[in-house]
Every structure is written in structure tokens, then in C-alpha cells.
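Peer 1: Below is the sequence, then the predicted model.
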Amino acid sequence: MSDYKEYFDSWEAKIGSFIEVKEEDLTQRRKDAKVFAVKDNIAVKGMSISCGSKLLQHLKAPYTATAVQNLIDAGYTPVGKTNLDEFGMGSSTDNSGIQQTNNPWDASRVAGGSSGGSAAAVAAGLVPFALGSDTGGSIRQPAAFCGCVGLKPTYGAVSRFGLTAYASSLEVVGLCADSVGRTKEVFGVMKGADPMDQTTYSPPPAPPASGRGVTGKKIAALKIASGILDSAIQKGFDEAKKNLRDLGYTIEEIDIPALQFAAPAYYTIATAEASANLARFDGVRYGKRPDWAENPDELVEKTRDEGFGDEVKLRILLGTFVLRSGFQDRYYLKAQKIRAGIKEAFEKVLADKAAILMPVFPTQAFGRGEAGLSAFAQKAADIYTCCANLAGLPGLSFPVGVENGLPVGMQLLGAAFDEDSLFGIAGEYEAAHPFPHPEGWKDWWK
């Protein structure tokens, strides 16, 4: 046990993935691999629920999220809360108001976001899996950056009760894990209908059978123009297609023209919903209050000015703008029409394909400062992940190799409630091409 404690402390000092850790539970339960971490915007009674924000930094959750409770009932123990971009808004976890999280492969680079703490903790071998939330790629992108598996389930497959709302029609509770098999096992425990979340289904609608199962080995691969992807990502994409062909899959390249509008539509809808959902954070009912305010209006203004970071303020302002009277038709309703078109386009492809293979992000884990990406570039790069959220479809990211000393991740998108097809394909890939790990990694979770 002491060896593991030393291992944990050494890694955590380097990557800063946890906001809170119950060390006694972690060390006592390590042997049975029944421990897990939880992104700090998902409620676990008595533990932190900071959402990565200074405004909620000292708040403790008064109840437990359904997805977490399902795992507890199955014998799993939550042992810590992981860092994130504030309220899930970001692609780096550098937008956290609590601390900085680094990539286990290279501490000078970001872990991705917004579930960067969860992905980093799993990639470093600190826990076998960690829950996260995915609103536009917030599980799949950090999983790709850190070299682990990331699942964004179908909207409605896993209860969102206990998840702090950012964009309610887009976000889901999912997980990062060290293998496809563990991802499938944990998802099987988490999923199911919940009377506290009326968007959940049980039993879920059955996915179309065409193109699926053992005999259905047809995969679509997104056609991407030359020069769009970094050379390392392009190489990984090409290698993934070759390896899947070697496994007996037929790969058909496809074009989805509506995808070019995905990121603008996503950010219009997400910011609009965020502006409504975050209105509750006013310093009156909970959250850090200013030391002094002359009246209630000043109390709310000071609370939000001091508690919210720049990215959160920006998204609230954008969301408020697109919802203004006279602007809804021009922006918000148009984005919803684009969303419907994207959903239809993906469902048409998946009618006779087991999955769609596509990149997760156009680059590998990026650096900070001049070596990084601008806030605008990070948002534009969500084009490949946000489409699954707009369409409500499941997505699974997994490592396909290492380039420049950093992992390269790809993702599979499937038909609604057909996570099993994604697990099957990625599981075969993992068996033939074992997933890589950062230097110094040790498997404590066999």
C-alpha cells in the first residue's frame, strides 16, 4: 500500500488532477479495483462540488448523483473529486478557478477539457476510471490528449440528476477509463432510467440492426480535406483506418457537409442554455458572497464578478445576447434547425453502418502560452466532437498510437443507444493494438 501511496503522491504533484481525495478509502480499496474518481461538477454527498469555480470552492454536496449512487450500490467507492474547466466550459482545464492540471505525458501541455482532471488521473494510473461530463467533447477530447478511453453515452442513457447543469439538452454523464472492457462494465452499471431525470429511457429504443453485430462490419470514415489535421493526427487517422481494415472491417469514406456548421450551432445553443442555468449562482442561496454589498443587486453583481472566471462570463454574455428579443430567430432558432439537420445527416449514415470513425481534435495536446491555441481556435476545433452532442449520439474515443511523445486518439460515433457496437469495435482494436501509457505508469488495477 505504501508503494501505491508514494506512486499516487508523486504523480499528483506533477499533474494536479484531484481537487479532493479520500486517501484512506483509496488505499484500503485499491486491491479490488473498485475505486473511482468523480469530476467535481457531479454530486457526491459530503464531498466537494466546486465545479472548478472560486464561487463554489468550499461547497459540499448535500446529496449523491444517480450515476454515482448506482456505482456505490454495485460496490464501487468514490475516492476523490477531479479538476475541470469552470462549470465545464473549456478545452484545456486551464479555465479552472481552483488549480492547474497537467498532461501526464508532458506536464508542459494541457490535459484537455473540460474533464481534464478525470482523464489525467486515469492516464497516470491513479484510478481505473473516473466519471466526467461531456457537453461538446469534454470527455472524449481529454481522453484523447491523455491516452485513455473516453465514453460519451447516448443522451438519455445515463441519468443527469446530480450533474451541475451547463447546457441541459447537450450534456451527459460519461467516463474515462483505462480499457474498453472497463468502460463497458462501468457504463452497464451507470445506465438506466431515473425518476429524477425524465430524459432517461428504460428500456431504451432498440438501435437499427443493419450494419451491426458480428456480421455487420461496415464503418464510415469522415472524409477530411488535406491540411485540416496536424500531421500526427492525420497519420493516426490513416493508421486507424488501415488497422480496422486489417481486422476485417469495410471502411467507406463519407462527407457530411452540415458538419461545417456544427461548432457555431453548438456554441449558440450551449451558451444560451448556460446563461439560463447559471442564473441560480447569485450568492443568495449558496456560493461565496462578497465581504460587503449595499443592496441585493450589488450583492449579485459582486458575487458573479468575483466568483466567475473570464470564460464563464463570456459564455453567459453570448448566451444572453442570442436569447434577446428579436435575436432568437436570427441565432438560436437557426442553430436549432442546423442541429436537426446534423442529427438527420448522421442518422442517415448510421442506418447501414456500425459506426463513424473520425478524429477527436485536429491537434495533439497543446502547450500553454505561445505554444498553445487561442480561445477561438479551441472552440473551432470542437467541430468533430460537438456533433455527437447535437445529435444525441454515443461517442467513444480511444488511443490509436503515439506521435511526438504524445498519444493520438480517434473516436467512433454510433447510433442512439448502440454503445455496444462501439465497445465491440474499439475492443477488437485494443486487443490487436494495446493502448500506450506515459513513462512511469504502473498498472495497479489488474
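Peer 2: Good, I have the coordinates. Residues are numbered from 1 along each chain as shown.
Peer 1: So for residue 55, what's the nearest residue that isn't a sequence neighbour?
Peer 2: Closest residue in space to residue 55, ignoring its immediate chain neighbours: residue 307 at 2.8 Å, by Cβ to Cβ, 6 or more residues apart in numbering. Glycine gets a C-beta too; all of them are placed from N, C-alpha and C.
Peer 1: and that neighbour, what pLDDT?
Peer 2: On the pLDDT scale, residue 307 is placed at 93.
Peer 1: dump the residue contacts of the closest residue to residue 99 other than its chain neighbours.
Peer 2: The shortest distance from residue 99 to any non-neighbouring residue, by Cβ to Cβ, 6+ apart, is to residue 16 (5.3 Å). Residue 16 sits next to 83, 99-102, 117 when contact means Cβ atoms under 8 Å, 6 or more residues apart in numbering.
Peer 1: what about 6 Å?
Peer 2: 99-101 (Cβ atoms under 6 Å, 6 or more residues apart in numbering).
Peer 1: circling back to that earlier point, residues touching the residue nearest to residue 55, list them.
Peer 2: Counting by Cβ under 6 Å, 6+ apart, residue 307 touches 54-55, 288.
Peer 1: so residue 407 touches residue 145, yeah?
Peer 2: No: counting by Cβ atoms under 6 Å, residue 145 is not a contact partner of residue 407; they are 7.2 Å apart.
Peer 1: Name the residue in these two with the higher neighbour count.
Peer 2: residue 145 (35 against 29; other Cβ atoms under 10 Å).
Peer 1: Could you list the residues in contact with the helix or strand encompassing that one?
Peer 2: According to DSSP states H and E, residue 145 maps onto helix 140-146. By Cβ under 6 Å, 6+ apart, the surrounding residues in contact with helix 140-146 are 111-113, 115-116, 119-120, 123, 150, 152, 176, 360-361, 365, 385, 395, 397, 409, 411.
Peer 1: Pull the residues that contact the lowest-mean-pLDDT helix or strand in the chain.
Peer 2: Ranked by mean pLDDT, DSSP states H and E, the weakest helix or strand in the chain is helix 23-29, scoring a mean of 79. Residues from elsewhere that reach helix 23-29, judged by Cβ under 6 Å, 6+ apart: 1, 5, 35, 77, 79.
Peer 1: now stretch 98-109
Peer 2: Against stretch 98-109 from outside (Cβ under 6 Å, 6+ apart): 14-17, 19, 50, 52, 83, 93, 111, 116-117, 120, 123-124, 365, 367, 406, 438.
Peer 1: where does the stretch 1-150 of the chain have low pLDDT?
Peer 2: 1-2 (pLDDT under 70).
Peer 1: Only the buried residues of the lengthiest helix in the chain, if you could.
Peer 2: In the chain, with assignment by DSSP state H, the single longest helix is helix 333-350. Using 16 or more other Cβ atoms under 10 Å as the burial criterion, the residues of helix 333-350 that qualify are 334-336, 338-339, 341-343, 345-346, 349-350.
Peer 1: Now do the nearest residue to residue 327 once chain neighbours are set aside against residue 96, distance only.
Peer 2: In this structure, residue 327 finds its nearest non-sequential neighbour in residue 321, 6.6 Å apart by Cβ to Cβ, 6+ apart. From residue 321 over to residue 96 the distance is 25 Å, taken as Cβ to Cβ, to the nearest Å.
Peer 1: residue contacts, residue 315?
Peer 2: Applying Cβ under 6 Å, 6+ apart, the residues contacting residue 315 are 89, 271, 274.
Peer 1: Report pLDDT for it.
Peer 2: 96.
Peer 1: hang on, it is in a helix, isn't it?
Peer 2: Yes: membership of residue 315 in a helix is supported by DSSP: H, G, I helix; E, B strand; the rest coil.
Peer 1: Tell me where the stretch 201-350 of the chain has strands.
Peer 2: 218-222, 250-254 (DSSP state E, counting those that start in this stretch).
Peer 1: Quick check: which of those strands is buried the most?
Peer 2: When you average the neighbours per residue for each of the strands of the stretch 201-350 of the chain (mean count of other Cβ atoms under 10 Å), strand 218-222 leads with a mean of 20.
Peer 1: and that one, what other elements does it pack with?
Peer 2: Helices and strands touching strand 218-222, by 3 or more Cβ pairs under 6 Å, 6 or more residues apart in numbering; DSSP states H and E, are strand 250-254, strand 355-359.
Peer 1: 10 Å instead, please
Peer 2: The elements that strand 218-222 packs onto, with contact taken as 3 or more Cβ pairs under 10 Å, 6 or more residues apart in numbering; DSSP states H and E, are helix 231-246, strand 250-254, helix 333-350, strand 355-359, strand 406-413.
Peer 1: low-scoring pLDDT stretches of the stretch 201-350 of the chain, where are they?
Peer 2: 208-216.
Peer 1: got a list of what the residue sitting furthest away from the middle of the chain touches?
Peer 2: Distance from the C-alpha centroid of the chain, by Cα atoms, centre = their mean, peaks at residue 294 (40.6 Å). When contacts are counted by Cβ atoms under 10 Å, 6 or more residues apart in numbering, residue 294 touches residue 302.
Peer 1: Could you number the chain from 454 rather than 1 from now on?
Peer 2: With the count now opening at 454, the last piece we talked about shows up as residue 747.
Peer 1: if I look at it, how far off is residue 755?
Peer 2: 10 Å.
Peer 1: these two touch, right, residue 581 and residue 639?
Peer 2: Yes: taking contacts as Cβ atoms under 10 Å, residue 581 lies within contact range of residue 639: 8.8 Å.
Peer 1: what sits in contact with each of those two?
Peer 2: Between them, residue 581 and residue 639 share the contacting residues 489, 529, 630, judged by Cβ under 10 Å, 6+ apart.
Peer 1: What residues does the second one make contact with?
Peer 2: It stands for residue 529. 482, 485-489, 521, 523, 581-582, 639, 642-643.
Peer 1: got the shared contacts of residue 581 and residue 639 as a markdown table, with distance to residue 648 and secondary structure columns?
Peer 2: Putting those into a markdown table (distance: Cβ to Cβ, whole Å; DSSP: H, G, I helix; E, B strand; the rest coil) gives the following:
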| residue | distance to residue 648 | secondary structure |
| --- | --- | --- |
| 489 | 24 | strand |
| 529 | 22 | coil |
| 630 | 27 | strand |
